[in-house]
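Chemist: from the sequence below, what's the structure:
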Amino acid sequence: MSEFTWPIRIYWEDTDAGGLVYHANYVRYFERARTEWLRSHGIDQSAIRESTGLAFVLKHMHLDFHAPARLDDELLVSVAVKEARSASILFSQSVARGETLLVQAEVRVAMVNLDTMRPAKIPAELFPAFFS
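Modeler: Residues are numbered from 1 along each chain as shown. Here you go, the predicted model:
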């Protein structure tokens, strides 16, 4: 499966008092990259929600921090599908500055019915995106 990358730049608002990227911001970067990955495959999450009442929600996230990012750094956030099940997807994600790995993540998202918040099958038309 191919890896998708999405570029970001670090701004003042991303950093903490020590001048490093605040740890919780990496969760935002990973979320944004997954959203852009879906868009790159023509998947509109708002349209899915409106037409089916389904949405992806975060089920599990494991982060490993290797090195800090700082103000003005240009980074790449990656997204790769490790596993796709009928109601969830496991992603491997990372944030890197050039060849330097900063943060690694394993992220599982689950498809749920927003009315009941119960697991739901991922619509079949979405599956080709997970394996390209």
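Chemist: any weak-confidence spans in the protein?
Modeler: Along the chain, the model assigns pLDDT under 70 to residues 1, 131-132.
Chemist: and the helices in it?
Modeler: Assigned by DSSP state H, the chain shows helices spanning 25-40, 45-52, 127-130.
Chemist: now these as JSON lines including mean neighbour count?
Modeler: Glycine gets a C-beta too; all of them are placed from N, C-alpha and C. As requested, those are exported to JSON lines (neighbours: other Cβ atoms under 10 Å):
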{"stretch": "helix 25-40", "mean neighbour count": "18"}
{"stretch": "helix 45-52", "mean neighbour count": "12"}
{"stretch": "helix 127-130", "mean neighbour count": "14"}
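Chemist: mind putting those in a markdown table, distance to Ala120 included?
Modeler: Formatted as a markdown table, these follow (distance: least, Cβ to Cβ, whole Å):
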| stretch | distance to Ala120 |
| --- | --- |
| helix 25-40 | 17 |
| helix 45-52 | 8 |
| helix 127-130 | 14 |
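Chemist: flag every buried residue along the lengthiest strand in the chain.
Modeler: Taking DSSP state E as the criterion, the chain has its longest strand at strand 100-113. For strand 100-113, the neighbour count (16 or more other Cβ atoms under 10 Å) marks Leu102, Val103, Gln104, Ala105, Val107, Arg108, Val109, Ala110, Met111, Val112 as buried.
Chemist: and which of those residues is nearest Ser86?
Modeler: Ranked by distance to Ser86 (Cβ to Cβ), those are led by Met111 at 8.6 Å.
Chemist: how close does that closest one sit to Phe4?
Modeler: 19 Å (Cβ to Cβ, to the nearest Å).
Chemist: so how many other residues sit close to Ser2?
Modeler: Per other Cβ atoms under 10 Å, the neighbour tally for Ser2 reads 8.
Chemist: how close does it sit to Phe65?
Modeler: Remark: distance between Ser2 and Phe65 (Cβ to Cβ) = 26 Å.
Chemist: ditto for Gly42
Modeler: Separation of Gly42 from Phe65 (Cβ to Cβ): 33 Å.
Chemist: the more surrounded of the two?
Modeler: For Gly42 versus Phe65, the count of surrounding residues by other Cβ under 10 Å is larger for Phe65: 13 against 10.
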